[in-house]
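Peer 1: Just need the structure, nothing else, for what follows:
(one chain, ligands or ions: 1)
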Amino acid sequence: MTLLQFSCYDGSTDAAVCLIRNVTTMGTKHSKVTSNFPFLNDNGTIKTIKEAHTLFILRGLPGSGKSALSRAIKEKYPQSLACASNSPPVVDEAEIDGDRYVQVDEGLERGFKEVKNVIVVDDNHLAAKRLYHLTSLARDNDYIVLIVSPKTKWRNDCEKLAIQSQWNLTVEQLNSMKQSYQEYIIPYFFGWFLLRRSAQEMRKNAEDFLNQLSNMEVFLKEFVSCVEWHSEEKFNLHEYFQKKPRMLHCTTKFCNYGAIPGCEAYAESKVVEDNYSKAFTLQVVALFVTPRTVGARVLLNKNQKLLWPKGQEGDDGGDGKEAAELAFGSRAHITLACAPRVKAVQTGLDLLCILKLEGKQPTHQVEVEKGRLCCYGDGQWILNLTKPIEVKTLFSGFYHKKTEPVTESVGC
Ligand code: 2AM
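Peer 2: Here you go, the predicted structure:
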């Protein structure tokens, strides 16, 4: 019964037949296929994903267990939308037929339009070009991406796959596909991605914070002397911080798609594998502003610190010296806005500068409704919140590719 319901998702009899064959071969291994995924086994994650907006991109060789995984997701999230191609798998990327993805893309478009909480794309996704197309669609539609590969023992065993796959592929064909398939797709960065509602709340908090500062004489006098404001108009904080991130997140490891030394070890680590797709509630304990950035300080708990990379550049406060005075993970933050030409990476460096100054006497100190607002000179202001803000997130990667001019970041 479940099988028939699932096989109707693209309305094709061929697809139904394919799925029946697939279930015959894979059914007995169902538990192995679906084990160890937080989105299937962790109750907190399942609850969070039901209110998040997530695009699952299944990835793997034909016969590796993607369809069983897709079925398990459908069972767990009955309202989800599954999009799959019923065309034979792509053996050679150069031979991709332009129409191959039309049906899947139409399904995806519908899913985004109907704001489905969970959308699943089931295909091999071996070709990087197609993957980046999907991740950019997700970004444009504000969906968190989860790239998931089956963890079956036989997922890379071409001889077994040749027997199990429904497409009568030869071992040679599968080997050739395997070559274009990198086990790990390394994202631009790993991090905790805020659910839409939490992001909305955080944006509102940032707006209220800037509004409050805009009405404080003591702030304006100090801050305006530290910024470049070329307009004839009176200084306006909201206009000044006009660069806002599209997707709010707390970066754990910046990877630049694999170009950063050490990122492969992080991407392949057990802690990342075990926690990928898992839900986390982050605690925002402060809001801060500098002439370059607006950010939220995140205080990591013991489990969250396990995902924080060791020896990350900048954890020394940006000045290259060992900073024994700052606790591990002090840089954890959410970038809320940047001044023109300032890159988001600056927010973490600004936070570290402020934290290093916190042992000193502030130049200004004001008690406000939400906590204590302190200034440490040079336009560096931090509001330590009496009541932390909790934000719901999913741990994943950001995969979208773009080109952007590089600007220098500034240390303390
Ligand atoms: P941040 O906002 O958490 O600082 C994409 O550029 C994201 O990657 C940014 O939002 C920034 O996250 C992070 N980032 C960019 N360059 C980085 C670097 N060199 N080190 C750490 N994080 C970086």
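Peer 1: Show me what from the stretch 201-350 of the chain comes close to the ligand.
Peer 2: 251, 254, 335, 344-345, 347-348 (C-beta under 6 Å from any ligand atom). For glycine as for every other residue, the C-beta is placed from the backbone atoms N, C-alpha and C.
Peer 1: For these, pick the one with the most neighbours.
Peer 2: Neighbours here mean other C-beta atoms under 10 Å. Within those, the largest count is held by Thr347, at 28 neighbours.
Peer 1: wait, is that residue part of a helix?
Peer 2: Yes - under DSSP: H, G, I helix; E, B strand; the rest coil, Thr347 sits within a helix.
Peer 1: Which pLDDT does the model give Leu169?
Peer 2: Per-residue pLDDT puts Leu169 at 89.
Peer 1: residue boundaries of the helices in the stretch 151-300 of the chain?
Peer 2: Listed in chain order, the helices of the stretch 151-300 of the chain (DSSP state H, counting those that start in this stretch) span 158-164, 171-179, 196-214, 217-224, 237-240, 263-267, 270-275.
Peer 1: any chance of these in a markdown table, with distance to Trp308 and mean neighbour count too?
Peer 2: Output for the helices of the stretch 151-300 of the chain, formatted as a markdown table (distance: least, C-beta to C-beta, whole Å; neighbours: other C-beta atoms under 10 Å):
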| stretch | distance to Trp308 | mean neighbour count |
| --- | --- | --- |
| helix 158-164 | 37 | 17 |
| helix 171-179 | 33 | 16 |
| helix 196-214 | 20 | 17 |
| helix 217-224 | 31 | 15 |
| helix 237-240 | 31 | 16 |
| helix 263-267 | 10 | 17 |
| helix 270-275 | 10 | 15 |
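Peer 1: so what's Cys83 bridging to?
Peer 2: Counting by DSSP bridges, Cys83 is bridged to Val121.
Peer 1: any idea how far it lies from the ligand?
Peer 2: 28 Å (C-beta to the nearest ligand atom, to the nearest Å).
Peer 1: and that residue, how many neighbours?
Peer 2: 23.
Peer 1: Quick check, it in contact with Phe112.
Peer 2: No - judged on C-beta atoms under 8 Å, Cys83 makes no contact with Phe112 at a distance of 10.9 Å.
Peer 1: can you list residues touching both of these two?
Peer 2: Taking C-beta atoms under 8 Å, 6 or more residues apart in numbering as the contact rule, the neighbours common to Cys83 and Phe112 are Ile119.
Peer 1: What is the least confident helix or strand in this protein?
Peer 2: None of the helices or strands of the chain scores lower by mean pLDDT, DSSP states H and E than helix 2-7, at a mean of 28.
Peer 1: For the strand ranked longest in the chain, which helices and strands make contact with it?
Peer 2: Using DSSP state E, we find that the single longest strand of the chain is strand 381-398. With contacts taken as 3 or more C-beta pairs under 8 Å, 6 or more residues apart in numbering; DSSP states H and E, strand 381-398 sits against helix 43-51, strand 144-148, strand 189-194, helix 196-214, strand 249-254, strand 279-289, strand 293-299, strand 371-375.
Peer 1: Using the record's domain definitions, break the protein down for me.
Peer 2: Domain segmentation of the chain under automatic domain parsing yields 2-185, 191-398.
Peer 1: With distance to Cys412 as new columns, can the ones you listed be given to me in a markdown table?
Peer 2: Supplementary listing: the domains of the chain in a markdown table, determined by distance: least, C-beta to C-beta, whole Å:
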| stretch | distance to Cys412 |
| --- | --- |
| domain 2-185 | 32 |
| domain 191-398 | 4 |
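Peer 1: could you give me the average pLDDT of stretch 53-60?
Peer 2: The average pLDDT within stretch 53-60 is 96.
Peer 1: will you turn the helices of the stretch 151-300 of the chain into a markdown table that also has distance to Asn36?
Peer 2: Supplementary listing: the helices of the stretch 151-300 of the chain in a markdown table, determined by distance: least, C-beta to C-beta, whole Å:
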| stretch | distance to Asn36 |
| --- | --- |
| helix 158-164 | 20 |
| helix 171-179 | 22 |
| helix 196-214 | 26 |
| helix 217-224 | 50 |
| helix 237-240 | 46 |
| helix 263-267 | 17 |
| helix 270-275 | 8 |
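Peer 1: wait, which of these is closest to Ser396?
Peer 2: Proximity to Ser396 (C-beta to C-beta) singles out helix 270-275 among these, at 9.6 Å.
Peer 1: per-residue confidence at whatever residue of the stretch 101-250 of the chain ends up closest to the ligand?
Peer 2: For the stretch 101-250 of the chain and the ligand, the shortest gap (C-beta to the nearest ligand atom) falls at Phe189, measuring 4.3 Å. You'll see Phe189 listed with a pLDDT of 97.
Peer 1: likewise the one 3 residues further on?
Peer 2: According to the predicted model, the pLDDT of Trp192 comes to 98.
Peer 1: That one and Arg155: what is the separation?
Peer 2: 27 Å (C-beta to C-beta, to the nearest Å).
Peer 1: And those two? Which one has more around it.
Peer 2: Neighbours were counted for Trp192 and for Arg155 using other C-beta under 10 Å; Trp192 has more, 27 against 20.
Peer 1: Quick check, the more buried one in contact with His249.
Peer 2: Yes - applying C-beta under 8 Å, one finds Trp192 in contact with His249, separated by 6.3 Å.
Peer 1: so who does the spatially closest residue to His53 that is not a sequence neighbour touch?
Peer 2: Counting by C-beta to C-beta, 6 or more residues apart in numbering, His53 lies nearest to Tyr143, which is 4.8 Å off, once chain neighbours are set aside. Applying C-beta under 8 Å, 6+ apart, we find Tyr143 in contact with 53-55, 112, 119.
Peer 1: Repeat the analysis, applying 7 Å as the threshold.
Peer 2: Listed by C-beta atoms under 7 Å, 6 or more residues apart in numbering, the contact set of Tyr143 reads 53-55.
Peer 1: among these, which ones are buried?
Peer 2: In terms of neighbour count (16 or more other C-beta atoms under 10 Å), the buried residues within the contacts of Tyr143 are 53-55.
Peer 1: right, and out of those residues, which lies closest to His364?
Peer 2: His53 (40.9 Å).
Peer 1: In this structure the closest one contacts Leu194, no?
Peer 2: No - the pair His53 / Leu194 is not scored as a contact, 11.1 Å apart, by C-beta atoms under 7 Å.
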